[in-house]
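**Q** A predicted structure for the sequence below; I have some questions about it.
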Amino acid sequence: YWRPTAAAYAAMGGLYATDPRQRAMAAEADPALPVWLAAAIEAYAHRRLR
């Protein structure tokens, strides 16, 4: 079981925008999804995991 810090969780979410494989997977649903998803995960991390 992983208990992430806010920074670690946000960095993991950032992979949707920066990692080509993760980006391609999310972009299949919607081309704007990778950037939106990365931002949403970062916002969640900073609001809920502090």
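**A** Structure received. Numbers count the residues shown, from 1 in each chain.

**Q** hey, let's count contacts and neighbours off CA atoms from now on
**A** Will do.

**Q** apart from its chain neighbours, what residue comes closest to the residue nearest the centre of the chain?
**A** Residue closest to the average C-alpha location in the chain (C-alpha atoms, centre = their mean): Gly13, at 1.9 Å. Of all residues not flanking Gly13 in the chain, Ala38 sits nearest, at 4.9 Å (C-alpha to C-alpha, 6 or more residues apart in numbering).

**Q** how many other residues sit next to the one you found?
**A** 20 (other C-alpha atoms under 10 Å).

**Q** next: Leu15.
**A** The number of residues near Leu15, taken as other C-alpha under 10 Å, comes to 17.

**Q** mind listing what it touches?
**A** Shown in contact with Leu15 (C-alpha atoms under 8 Å, 6 or more residues apart in numbering): 22-23, 38.

**Q** just the pLDDT for it.
**A** We have a pLDDT of 96 for Leu15.
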